[in-house]
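K.L.:
I would like the atomic coordinates for the input below:
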Amino acid sequence: MNWKIWTWWMPFWLLAFTSWAAEKYRIEIDLQHPKDGMVEVVVYPPKVEEEFATFIIPITAYGGSGESKLEHWISDFRVLDKAGRPIPHQYISNNGIAIKYAPHIHEIRYWVKDASRLANVYQSHVANIRPGRSYILNHHGFYGFLMQYAQYPYELVVHKPNGFYGASALGLEVLNDTTDYAYTDTYFELIEKPILYAKPDTTSFKIGHTAIHISVYSESGKVTALQMDYTLRPLLKALDQLMPFIPVERYDFVMYFTKRNRYPIANGQYGGLMCSSSSFYILPELYDARKFKKLVQRIAAHEFLHLLSPYWLHSERTQHIGFSSLQMSEHLWLYEGVTEYLSLLTMVRYGFLSESEFYEEISQKIEASTDYPKMSLTHTSEHIFQRRNQENYQNIYYRGMLVAMLLDLHLITEGQQHPDRPIKSLLDLLEHFLAKYKPNRPFKDADFFEEIYSLTSPATRSFIEKYVIGRQDLPYNKYFKKVGIDYFDRLETQYGSFGKFLIAPDYKHNTFVFYNVQRNSLGVQKGDQLLEINRKQVKMKDFNERRLLLLQPALNWPVNALVLRDGKEVLLEGIPDPVDYIDLFVLKVQKKARKEAVELRGKWLGRFDDGTIDD
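P.N.:
Okay, here's the model as predicted:
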C-alpha cells in the first residue's frame, strides 16, 4: 500500500511574490462541454507592464512525476489579444510558458487533459476528468499565474452540468443551476482548496468547536457519505483527545472512491492531499469491509494531523518557499515522519489497531526502509527536489516515522528517570512548540534542533545527531527492550501449513470455492465449496478472518472443514504440518517483562495493564 502526500506545503509557496494590487485574474472553466476527455479553461490575467511574461501552471510540482512536461498535460494553448489575434509564446520549462508582447495579453485559452490515467502521478494531485460523472479540480493542474503577478486576487467561474455539486472548502457561491463562483485574495488560497464536482452526497457533524463536512463520490455508488460518517467520527473524537487543539473552525473531507479494478489504483498511486482546513482523497473501494475501514482511517488520521504540522508548526523556509526557488526545509522528517508516527499512535491508543497490528505496522516500516540507501533525513529533506533525493522521498515516511517512534521512546525513558523534566514524551515536545509558534510565526530552520536540545538533554542531542542529521543504523533493540519487547532482524521459526490451495468467495452463488489446489494434507480438492470451519458456518461478513484458520493455521492445532463436493457434504480433518521459516524484522512482547518495562510500555501506548498483547 502506497500513499504519498506531496503538497502539504502549498499554502506557503507564494508568499515571496509581489504584493497585492487592485487588478485580478478571472478564470472560467467549462465542465458542460468536454471534448475528447478534456475541458476548456480561459484565463483573463491582470494588466502586464513588462515586455515578456512567464505563465506558470505548477503541475509537475505536485504530480510526483518529475519527467512530466506541461505540454503533456494541456492542449491547444493560445494567447490572444483583444482583437483575438495570437501572441507568440514558447514552452520554456516543465511548468512555464514564455509569452512575448505581454502588455497585449487579453486572454489565455487552452484545454486540460485528464491526467488520472498517467503513470507515476499521485491521483489525489492531478486533473481527473470523467465527463458526465465527475470532475476533480486540483486547481494547480488547471490554471496558474504570470510569474511577477502571483499575489493578485482570483475570480473563478465554473460552468457545471445541471445537478452537479461542488464539494470544497473554497466557499463556492451558487449563482444558478449551472454556474458557481469563488473569489480568493491570492493563488495559493485557491489551490489549497480543490473541488470535486459530481452528484451531491454529503453529511456533517461537530467535533468540539470544529464543524466537520464530508463529501463523497463513489464510482460504483457503494460508498456513501453516511458510511464515511460512521468511519471517521470515532477517529476524529480520538484525534481530538490526542491533539492539544484543533486549530480550525471548519474542516472538509472531500473523498473520491474508485472501482477496485481501475488502472491507477492497480498502479498504487492513491492517497490523500492535505489542504490546510481540508483534505482530499482518492481511494480504492475494497471488498473487505474491515480492511477498507482501516485504510480510510489510517490515511485520514495522517492528513488530519497535518493541522499540527506543517499547517500550524513549520519553519521559515517552508513558509517562504516559491516556485522559482525550490529549496525545502530540512524538517520534512517533522512534517511527515512525526505525523505518520502520531497517526499510528492514535490508532493503537484508541483501539483502531490492536497492539499486535501496531507492532506489525512498525515491522513493515522497518522492512520498507531497508529498500533505501542510508540517508540523512535533514539533508534529504533540504534537497528533496533534486532527482536523486526524490527517489528516496518515500523513506521520509519510513525512516522518519521510525525515528519519531524511537525519539518518543527515548524521551519517555528519560522522563521516567528524571521526573522533574517538563518534556517526558514526543507529544510534550510538540505541545511546547505548538504553544510557541503559529502559522504566521514560523521557527528558524537552523535553530530548531538547538531549541530541542535546550529543553531535553545531551543524550537527546546525540540521538538527533546520529539518527536525524546522521545516517547511522537505528537502535531498535536498545529502545524496544526498555518497553519489554524483543526485536529480531531475522528469526528462525515454524508455522503451520496444510499445503497449497486458495479459497475465494463466489458472490453470484453466495459460497466459497477452493482453487489452485495442489498437494495438501487436509484433503481439499479443486471445486470444493466451503461450508463450515470447526463446526461453525462460514459467512461473507467473516470469511476473510475465518479462512486464515485454513490458510495460516496454528501449529499443532487440529482443524476440521465441512465442504460440499459433487453435491455431498464431506468432513475434512487434519493437524497442520510444521514448516521452517525465517521471519524478518520481528517484534515480540516479552512474556516475563520487568515491571518497569511494562509501565513504560503503558505510558508509550497510553495503556496501563499487564503488558499483554491484545489479539
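
K.L.:
tell me which residues form a beta bridge with the spatially most central residue of the chain?
P.N.:
Centroid check for the chain by Cα atoms, centre = their mean gives residue 272 as the closest residue, at 4.0 Å. In this entry, residue 272 is beta-bridged to residue 281, by DSSP bridges.

K.L.:
I'd say it and residue 304 touch.
P.N.:
No: contact criterion Cβ atoms under 8 Å: residue 272 and residue 304 do not qualify, at 9.5 Å. C-beta coordinates here come from the backbone N, C-alpha and C atoms, glycine included.

K.L.:
so how far is the lengthiest helix in the chain off the chain centroid?
P.N.:
Ranked by residue count under DSSP state H, the longest helix found in the chain is helix 395-417. Here helix 395-417 is found 21 Å from its chain centre; the criterion is Cα atoms, centre = their mean, to the nearest Å.

K.L.:
Quick check: buried residues in that helix?
P.N.:
395-415 (16 or more other Cβ atoms under 10 Å).

K.L.:
what's that helix packed up against?
P.N.:
Under the contact criterion of 3 or more Cβ pairs under 8 Å, 6 or more residues apart in numbering; DSSP states H and E, helix 395-417 touches helix 339-349, helix 355-369, helix 377-382, helix 426-436, helix 458-467, helix 476-482, helix 595-605.

K.L.:
I'd like to know which of the ones you listed lies nearest to residue 58.
P.N.:
helix 377-382 (20.1 Å; Cβ to Cβ).

K.L.:
hang on, the earlier thing: what about the longest helix of the chain, average pLDDT?
P.N.:
What helix 395-417 shows for mean pLDDT is 96.

K.L.:
Output it as CSV - backbone C-alpha positions only.
P.N.:
The C-alpha atoms that make up helix 395-417 are tabulated as CSV, following Å, rounded to 0.1, in the frame of the first residue of the first chain:
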residue,chain,number,x,y,z
ASN,A,395,11.8,6.9,3.1
ILE,A,396,10.9,10.2,4.8
TYR,A,397,7.8,8.4,5.8
TYR,A,398,9.5,5.1,6.7
ARG,A,399,12.8,6.2,8.4
GLY,A,400,11.1,9.4,9.5
MET,A,401,8.3,7.5,11.3
LEU,A,402,10.8,5.1,12.9
VAL,A,403,13.0,7.9,14.1
ALA,A,404,10.0,9.7,15.6
MET,A,405,9.0,6.5,17.4
LEU,A,406,12.4,5.9,18.8
LEU,A,407,12.7,9.6,19.8
ASP,A,408,9.4,9.2,21.7
LEU,A,409,10.7,6.1,23.5
HIS,A,410,13.9,8.0,24.3
LEU,A,411,12.0,10.9,25.8
ILE,A,412,9.6,8.6,27.7
THR,A,413,12.6,6.8,29.2
GLU,A,414,14.4,10.0,30.2
GLY,A,415,11.1,11.3,31.7
GLN,A,416,10.9,8.2,33.8
GLN,A,417,14.4,8.7,35.0
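
K.L.:
and the angle from it to helix 339-349?
P.N.:
If you take axes from the mean of the first three to the mean of the last three Cα atoms, to 10 degrees, helix 395-417 sits at 60 degrees to helix 339-349.

K.L.:
Got phi/psi on the closest residue to residue 594 other than its chain neighbours?
P.N.:
In space, and not counting its chain neighbours, residue 594 is closest to residue 484: 6.7 Å by Cβ to Cβ, 6 or more residues apart in numbering. In terms of degrees, to the nearest 10, the main-chain angles of residue 484 are phi 70, psi 30.

K.L.:
Return the residues in contact with residue 484.
P.N.:
589, 590, 593, 594, 597, 598, 600, 601, 611 (Cβ atoms under 8 Å, 6 or more residues apart in numbering).

K.L.:
got any residues that touch both of residue 272 and residue 304?
P.N.:
residue 279.

K.L.:
Low-confidence ranges, the stretch 451-600 of the chain, go.
P.N.:
Low-confidence regions of the stretch 451-600 of the chain, defined here as pLDDT under 70, do not occur.
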